[in-house]
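**Student:** what would the 3D arrangement of this be:
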Amino acid sequence: QVQLAEFGGGLVQPGGSLNLSCVASGVTLSDYAVGWFRQAPGKDRDGIACLGFRDTPTGYSDSVKGRFTLSRDNAKNTVSLQMNNLAPADTAVYYCAAGSSCHTLAMRYWGEGALVTVSS
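**Tutor:** Residues are numbered from 1 along each chain as shown. As a prediction, the model looks like this:
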């Protein structure tokens with residue numbers, strides 16, 4: 001059974017940092033494109049960072065570029081998202097996913113999400 005589980009969400013003040021981790025079981029993340037998505041209240045789910053196959057450069061949305069960093073640890077079968085300089089607009093449920101490409105519709109496996117709240 002394939003499972004992705006996100007850890008590390010919570011409440012943080014504006015300007016602060018959080019690191020989200022996604023632990024996979026039943027699937028080898030290095031065999032897939034892996035990405036992070038987020039869904040703010042009342043909005044669609046958007047892709048914010050994705051690492052494709054074969055060491056292709058990680059892509060970031062304009063909203064997080066320069067602040068967020070995706071990394072994958074093949075030995076631990078995990079993918080992480082380091083988030084710096086957080087702002088209230090970053091408040092959302094964050095999901096990790098794995099699939100055949102970085103397109104949302106190509107993501108086959110999803111975690112259940114981790115809530116990140118940025119507020120003073």
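**Student:** which residues does Ser25 bridge with?
**Tutor:** Gln3 (DSSP bridges).
**Student:** how many residues are close by it?
**Tutor:** 10 (other CB atoms under 10 Å). Backbone N, C-alpha and C define where each C-beta goes, glycine included.
**Student:** residues contacting it?
**Tutor:** Under the criterion of CB atoms under 8 Å, 6 or more residues apart in numbering, the neighbours of Ser25 are Gln1, Val2, Gln3, Ala5, Asn77.
**Student:** mind listing what the second one touches?
**Tutor:** Looking back up the chat, that one is Val2. Contacts of Val2 (CB under 8 Å, 6+ apart): Ala24, Ser25, Gly26, Val27, Tyr109.
**Student:** now with 6 Å?
**Tutor:** Val2 makes contacts with Gly26, Val27, Tyr109, as judged by CB atoms under 6 Å, 6 or more residues apart in numbering.
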